[in-house]
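Colleague: show me the folded form of this:
(2 chains)
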Amino acid sequence: MPNRTVSTDGAKHRDRLGATMTKIAADLWATAKSPSVTVVSSPPGAGKTRTLIAVCQHAMKARKRVGVACQTNAQADDVCRRLAIEIGASRVCRYISATGDDTPPVAGCHVESTANNILAGPLVVVGTTMKWALIENAPDVDLFLIDEAWQMALASFIPLLRFCDRFILIGDPGQIPPVVSAPTERWETSTNPPHRAAPEVLRDRMDVTRVSLPATWRLPHDTANLIRDFYDFKFESAAMEGERSLRFVAAKSDTIAGVDKSLDQLTRHSIARVLVPMPKAGGLAQADPDVAAAAAATVVRALERKATATAIDRDVANKSLKPTDIGVAASHRVMVQAVLSKLPSELRTQVKVDTAERWQGLERELMVVVHPLSSMENPGDFDLETGRLCVMVSRHQSGLVVVGREHIGDTLDGILPVAAQPIGQPDAVARGLKRHRAFWKHLDESERGI
Amino acid sequence: MAAERDTALRLRAFLVGKPVARLEYRPLPVVAPRDRMLAVFLRMGGESSPWAIAWKRGKSKAEFRSVPEARRRTDVAGKVADFGDALCGHFESADGALRQLWIPGGTHAEMLHFIALRFTKAKKADAALLPRLNRTGRRCTQLFDSTQNPNSALCVDATVRLKEMFAFPCEPIRENHLGFLLAWLENGPGSARAKAAKAAEALSVSTSLDPEIERSMVSDVEGWNEASSEAVRNRHAERIHNVLESELRRRLELLETAIAVYDDAASENPGAQAISSSSMQEMARFDDSEDFVAQTGIVRSPETDHSPTTAAMSYAHKDADMIAARAALVPFDRSCQEDLIAEGSAFRGDVLSIGPVTIGVRTLRTQVVVATDGGLPLRLRESDSVVVAGDLSGKGVWKITQISDESNRAIRSITLIAQQATPTGPALKRGSAGIVFHEKLDAELRRRLAKMVSNTKSMAADGMARGAWILEKLAEREAPDAAPDVEQFDGTKTKVGTDA
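Modeller: This is a model prediction of the structure:
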């Protein structure tokens, strides 16, 4: 069990990180006093929204007006709710589309669809990027904050330049890039690719202030070390070594070999894996029933073995995990469906099973993840995209079980990147492959106890 | 098309031994012969310029142009200019009708792009030739773009359109050969079709010649280059032209057959009218852009858009075009609806209940609960907007408020609330069966985004956009030594656009 010494050191560590976060928010506000663009890079669970709210608090103290652009209505509602707690609901306005739901996300919060009706004075106006981008007349704001900015394409950012001359873009560069439905070949070599994430283009094309958040408050210590490779800046975990742990009661005679072994491994590391043998005959399907069964069995087994989580850094001691504390992520919808079909009916509504895209911004104590390359013996660019893997392996607070077919290591060894990217562009596929290999190697080593 | 549906159709094609229709209706208009121009190209191995070009307008005789030596740029430019005059004339004389250019396949589309890249901004050529070449380049830019745009019918790639219309009993890679596809589409038993397709596949339809044919021409090309007299040169040139003409003719005939087959494949989707209108607007926009070029000398790059606002506008329009094409076709074509269902962007179900519901304090709306197949994956989520397939106004929008699965997951019930007081579209009642709800295909939002980007540009120019300074920074053309570092696979960094 973790000891108190670790906890005391940990408290000091977190005090230091908390102070850094406070200073970052103050510095961001100071920078925004003159026309500027600041890009804040954040690892998963590092307090993006907390930072956004802290900047809003500074603005309210200075009696200024702030515009906040979120990427979805759900995110905008969530920001309103959190802002209401910190600055008071009367200082928050939810800016909706003319046909949008006018129910306030939190009592006392204003809801408006036209700029002229929005109150004067210090206020935080929260809308989706599309709402802000498509309006002719915007409410007057002194500063614009963009949440989850890596999910916003440059094309959607440009219209915001009509309303404001200072921007703070906050997001996680390791996440899945903006959804693009149109073919983008024409703009791959453009100096301003309109389909790329706005913060990326701004960082490349102009002198922006760059800030990174110092630590992930979500991920355990060893996971933070592992996923650091996915980012081009340094960060640490707010939890120190040994502060997060999972415990399971001993497996009984009906042991499910791979699953129980992996769960036992979670008592020592935050990441373990379950390897499903290759089928004796026939090929592999995208909706792999054996892997789905293994993922479902891991969830069931974790509950049967009465999983408990301890997180000293979060003052959580021996918390019994409920189905709602567990989540399952997969790359493809058909696999999500397959996992759901293998879960016992009573768990289906409680255990969230969804694609990596839908898991962005969410977390669970224990995550079970179907490896993006499982059953993909000839993976394509979609499968090798690192954002998807990064999202999937950074949703857990205590433990992560990666489930996949045995071929994954061999498949990764056998891929020869063809560098099909346009001239002058980074080889994203090969970079993804490199990270995939590093991640898989780590799982190999931790299984062997290295 | 969703991979699962594609596989199922392909297996069915294997089973029946002939191509099976993927779509209920033909999604693209086929204009009358007088409004049609056909073009095919040939290139010399290792060269990207056209070695020979053939075109045909309406019922007139086909025109053939070739040069004996494709490596002589000046000669090639002359032939391209001839082709360009015919091509531009075809579209400029439209007189209110939709005009089309048909090409046999992807390599011919690439040739249009190549002509665009080489000649749009060409600066060195005979003074009389240069404006003709530049104009040809600009027109080819437009037509190449059209081949990439499902909402445009200006330039039609016959191979792509036949592949879209039918599932063939073969591996997908083999479907890129127009002769192969046409042989499968002939009448007769499966074995005869398969044999004919295999034979057709042996003859090149792309812009490249069969290597054996090209090798057989080497002596004439060399002879032409080294000829000591005009008479000898002419003899070599004639022999080269004859071979090239015969190859062009074969491709042209295949293309004509492909157009007839495509035209007969099914009746036109009523929604294709919207694609025709959009193509007409595209023609008008091109005319406007030609006026702009004449006034300012500013020509859009055929390669990419460097200006942030131009790039963003083009991108938003491209996105809108993708959506608009689907929005035009889906209401009428049940196969398109099946595609959306297979993708998870639509669901089919039976109405379990329908009735009024109060939202907030006093807003009255209609609520329906639909039972669907719980086994199908669904991309749609709660709070997404959908419309009923067949709602031609596309304005009867329903919002998904709840998705719940039965314990055995065989049935999924979806609750929807109408966004309008009186929803448009087919009347729903309790017990209505097989109703398809699909994602709202709204191209207008993307068009509006393009408009707002345009507004931003204008406001920035007038000093009215507060963030204009950011736009200026983005628009700055960078000096080569200021090019950003790009991280490569091995961790080394290189400068954009350099070999260093």
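Colleague: enumerate the residues of the stretch 251-400 of chain A near chain B.
Modeller: Proximity of the stretch 251-400 of chain A to chain B (CB under 8 Å from any CB of the partner chain) is limited to residues A:286, A:333-334, A:336-337, A:340-341, A:345, A:348-349, A:358. Where you see a C-beta, it was placed from the backbone N, CA and C, and this is true even at glycine.
Colleague: need the residues of the stretch 301-450 of chain B near chain A, please.
Modeller: B:303-309, B:311-312, B:314-316, B:318-319, B:321-323, B:344, B:359-360, B:375-379, B:381, B:383, B:397, B:404-405, B:407-409, B:419, B:445, B:448-449.
Colleague: out of those, which sit inside helices?
Modeller: If you go by DSSP state H, these have B:308-309, B:311-312, B:314-316, B:318-319, B:321-323, B:445, B:448-449 in helices.
Colleague: could you tell me how many residues sit around residue B:58?
Modeller: Look at residue B:58: counted by other CB atoms under 10 Å in any protein chain shown, it has 12 neighbours.
Colleague: per-residue pLDDT, the residue lying closest to it once chain neighbours are set aside?
Modeller: Leaving aside its sequence neighbours, residue B:58 sits nearest to residue B:34 (CB to CB, 6 or more residues apart in numbering or on different chains; 4.2 Å). pLDDT, residue B:34: 94.
Colleague: gap between residue B:34 and chain A?
Modeller: Using CB to the nearest CB, to the nearest Å, residue B:34 is found at 32 Å from chain A.
Colleague: re the thing from before, check the ones in helices among the residues of the stretch 301-450 of chain B next to chain A and tell me the two furthest apart.
Modeller: The distance between the two most remote of those (CB to CB) is 22.7 Å, for B:308 and B:323.
Colleague: hmm, who's touching whichever strand or helix holds residue A:57?
Modeller: Using DSSP states H and E, residue A:57 maps to helix A:48-61. For helix A:48-61, the surrounding residues in contact (CB atoms under 8 Å, 6 or more residues apart in numbering or on different chains) are A:21-22, A:24-26, A:28-29, A:32, A:40, A:42, A:65-66, A:68, A:78-79, A:82-83, A:86-87, A:91, A:122, A:124, A:142-143, A:145, A:147-148, A:168, A:170-172, A:213.
Colleague: let's see that with 6 Å instead.
Modeller: Outside helix A:48-61, the residues within contact range by CB atoms under 6 Å, 6 or more residues apart in numbering or on different chains are A:25, A:28-29, A:42, A:66, A:82-83, A:86-87, A:91, A:122, A:124, A:145, A:147, A:170.
Colleague: and the host helix or strand of residue B:53, what does it pack against?
Modeller: Here residue B:53 is covered by strand B:50-57, with elements defined by DSSP H and E. Here strand B:50-57 touches strand B:36-43, strand B:63-66, helix B:73-92, helix B:230-265, going by 3 or more CB pairs under 6 Å, 6 or more residues apart in numbering or on different chains; DSSP states H and E.
Colleague: between it and helix B:230-265, how many degrees?
Modeller: Relative orientation of strand B:50-57 versus helix B:230-265 (axes from the mean of the first three to the mean of the last three CA atoms, to 10 degrees): 50 degrees.
Colleague: between strand B:50-57 and strand B:36-43, how many degrees?
Modeller: Using the same axes, to 10 degrees: strand B:50-57 against strand B:36-43 is 170 degrees.
Colleague: please name the nearest non-neighbouring residue to the residue in the stretch 101-250 of chain B that chain A sits nearest to.
Modeller: Closest residue of the stretch 101-250 of chain B to chain A, CB to the nearest CB: residue B:148 (6.1 Å). Leaving aside its sequence neighbours, residue B:148 sits nearest to residue A:183 (CB to CB, 6+ apart; 6.1 Å).
Colleague: which of the contacts of helix A:48-61 are buried?
Modeller: A:25, A:28-29, A:42, A:66, A:82-83, A:87, A:91, A:122, A:124, A:145, A:147, A:170 (16 or more other CB atoms under 10 Å in any protein chain shown).
Colleague: show the contacting residues for the closest residue to chain A within the stretch 351-500 of chain B.
Modeller: Closest contact between the stretch 351-500 of chain B and chain A, by CB to the nearest CB, is at residue B:467 (3.1 Å). Shown in contact with residue B:467 (CB under 6 Å, 6+ apart): A:161, A:164-165.
Colleague: could you do residue A:63 as well?
Modeller: residue A:122 are the contacts of residue A:63 under CB under 6 Å, 6+ apart.
Colleague: surely it is in a strand?
Modeller: No - remark: residue A:63 does not belong to a strand; assigned using DSSP: H, G, I helix; E, B strand; the rest coil, it is coil.
Colleague: next, the buried residues of the helix or strand where residue A:86 lies.
Modeller: Assigned by DSSP H and E, residue A:86 belongs to helix A:73-87. When burial is assessed from 16+ other CB under 10 Å, helix A:73-87 yields the following buried residues: A:73, A:75-84, A:87.
Colleague: for residue B:12, state which of those residues is nearest.
Modeller: Comparing the buried residues of helix A:73-87 against residue B:12 with CB to CB places residue A:73 closest, at 41.5 Å.
Colleague: burial measure for residue B:461, as a count.
Modeller: Look at residue B:461: counted by other CB under 10 Å, it has 12 neighbours.
Colleague: the one 3 residues further on too?
Modeller: Counted with other CB under 10 Å, the burial measure for residue B:464 works out to 12 neighbours.
Colleague: do the same with residue B:194
Modeller: When neighbours are counted by other CB under 10 Å, residue B:194 comes out with 17.
Colleague: go on, residue A:39?
Modeller: Residues within reach of residue A:39, counting by other CB under 10 Å, total 23.
Colleague: checking it next. Helix, strand or coil?
Modeller: From three-state DSSP, the assignment for residue A:39 is strand.
Colleague: biggest separation within the contacts of helix A:48-61, which pair?
Modeller: Across the contacts of helix A:48-61 (CB to CB), the longest gap, 26.1 Å, separates A:42 and A:122.
Colleague: can you name the residues in contact with stretch B:359-370?
Modeller: Around stretch B:359-370, the neighbours that count as contacts under CB under 6 Å, 6+ apart are A:103, B:349, B:351-354, B:356-358, B:413-418, B:428.
Colleague: max pairwise distance over these: which two?
Modeller: Greatest spatial distance in the contacts of stretch B:359-370: A:103 and B:349, 27.0 Å, computed using CB to CB.
Colleague: who's more crowded, those two?
Modeller: Between residue A:103 and residue B:349, residue B:349 has the larger neighbour count (other CB under 10 Å), namely 21 against 12.
Colleague: what secondary structure does the more buried one sit in?
Modeller: strand.
Colleague: quick one: it from chain A, how far?
Modeller: 17 Å.
Colleague: neighbours around the closest residue to residue A:22 other than its chain neighbours, how many?
Modeller: Once flanking residues are discounted, residue A:22 sits nearest to residue A:54: 7.1 Å by CB to CB, 6+ apart. For residue A:54, the count of nearby residues is 19 (other CB under 10 Å).
Colleague: equivalent analysis for residue A:61, please.
Modeller: By the measure other CB under 10 Å, the count of residues near residue A:61 is 11.
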